[in-house]
Each structure stands twice: as C-alpha cells, then as structure tokens.
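Peer 1: let me see the structure of the following:
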Amino acid sequence: MGQLSQTLTSLVPGLGVIYYNYIATNVEHYMQNYQSKALFEFNPNADGSNNPNFRLWYEQTMVDGRIEGIIG
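Peer 2: Residues are numbered from 1 along each chain as shown. Take a look at the predicted model:
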C-alpha cells in the first residue's frame, strides 16, 4: 500500500482504496490543466450534522463518498 493510501485510510476509518494503473504518456502534450492531477477533500462534518464525507477529483472525474455509498 502506498503512502497516500495509508494516510487516507488512517484519516477515514473503513475507507476502501481502489487502485487504478495509470501511466502518464506524452506529458509534454497535455493540453488541459486538470491532466495528471488528483485532489482529495475530507470533511468530518460535511452536512452540518456531524456526518463525514469526502470528494476525490482525478483529472475530469469526481467521486463523492456519500453518493457512491462508500461513506454512510
């Protein structure tokens, strides 16, 4: 398990980590600012009622933990 995965699972108990093999090719030809970028956001009080949630953006994709059923 990589350092990022270990950090995330320690911050979010019960978090499952899904690995995607991603090999960046032709990085010098990337035309969009989002290419080769990832961002993780965790909020322990996401809805104002002490319910946590997270969002993960990877290039053009956004995953919401509550919508995906990963966080209850």
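Peer 1: from here on, just use CA atoms for contacts and neighbour counts.
Peer 2: Fine.
Peer 1: roughly how far does the residue nearest to Ile71 when sequence neighbours are not counted sit from Gly16?
Peer 2: With CA to CA, 6 or more residues apart in numbering as the measure, Gly65 is the residue that lies nearest to Ile71, at 5.2 Å, once sequence neighbours are left out. If you measure Gly65 against Gly16 using CA to CA, to the nearest Å, the figure is 10 Å.
Peer 1: dump the residue contacts of the residue nearest to Ile71.
Peer 2: Under the criterion of CA atoms under 8 Å, 6 or more residues apart in numbering, the contact list for Gly65 reads Asn53, Phe54, Arg55, Ile71.
Peer 1: what helix or strand is the second one on?
Peer 2: When you say that, I think you mean Phe54. Assigned by DSSP states H and E, Phe54 falls within strand 53-58.
Peer 1: now do that strand, average pLDDT.
Peer 2: Strand 53-58 comes out with an average pLDDT of 83.
Peer 1: which strands or helices does that strand pack on?
Peer 2: Secondary structure elements in contact with strand 53-58, counted by 3 or more CA pairs under 8 Å, 6 or more residues apart in numbering; DSSP states H and E, are strand 38-43, strand 61-64.
Peer 1: alright, calling it a day.
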